[in-house]
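Undergrad: Please work out how this folds:
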Amino acid sequence: MAGRIMPTPGHTAGSVCVLTEDGDLVTGDLVANSFMDLIPGQPANPPFHHDPLGNLTSLRAMLELGPGRLPSGHGTPLDPERVRRRARREQRRLSRLDSRGRLRRRTKS
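TA: Numbers count the residues shown, from 1 in each chain. Okay, here's the model as predicted:
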């Protein structure tokens, strides 16, 4: 199966996703399932992001490609519409943290 590698910085600087010829977007750690896939198909953040806002920007750009499914690095494939709704909530959460100076970004080591 052919695919296109797409850079998606945010989780880490070198993170990538793969858009398959079938229209699936293999997300790696761009988005995850709920902790240990306890609620299958429930989108969640991976344990960390080096740049949370950068990750959200990458996620939104990938959703704009109109993928059919989002197989993630861990757990069951995710539904793009559920991920879009979660991205909107995450934007509000990150904006509040950023406005209070409490948004954490990891530096390169």
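
Undergrad: In contact with residue 3, which residues?
TA: Shown in contact with residue 3 (CB atoms under 8 Å, 6 or more residues apart in numbering): 18-21, 26. Quick note: C-beta positions are derived from backbone N, CA and C, even for glycine.

Undergrad: Next, work out how far apart it and residue 67 are.
TA: According to CB to CB, to the nearest Å, residue 3 and residue 67 sit 12 Å apart.

Undergrad: what do the two both touch?
TA: Common neighbours of residue 3 and residue 67 (CB under 8 Å, 6+ apart) are residue 19.

Undergrad: the bottom helix or strand of this structure by mean pLDDT?
TA: One helix or strand of the chain scores below all others by mean pLDDT, DSSP states H and E: strand 32-33, with a mean of 88.

Undergrad: Next secondary structure element downstream of that one?
TA: strand 43-44 (DSSP states H and E).

Undergrad: list the buried ones in whichever helix or strand comes after that next one?
TA: Tracing the chain C-terminally past strand 43-44 and defining elements by DSSP H and E, one meets helix 52-63 next. Within helix 52-63, the residues scored as buried using 16 or more other CB atoms under 10 Å are 52-56, 58-59, 62-63.

Undergrad: so what does helix 52-63 touch, helix or strand wise?
TA: strand 16-20, helix 80-99 (3 or more CB pairs under 8 Å, 6 or more residues apart in numbering; DSSP states H and E).

Undergrad: for the last one, packing partners?
TA: It refers to helix 80-99. Against helix 80-99 (3+ CB pairs under 8 Å, 6+ apart) you get strand 43-44, helix 52-63.

Undergrad: mean pLDDT for these: which is lowest?
TA: Lowest mean pLDDT within the helices and strands packed on helix 80-99: strand 43-44, a mean of 90.

Undergrad: Not counting that strand itself, show me its contacts.
TA: Here strand 43-44 has contacts from 31-35, 78, 82-83, 86, using CB under 8 Å, 6+ apart.
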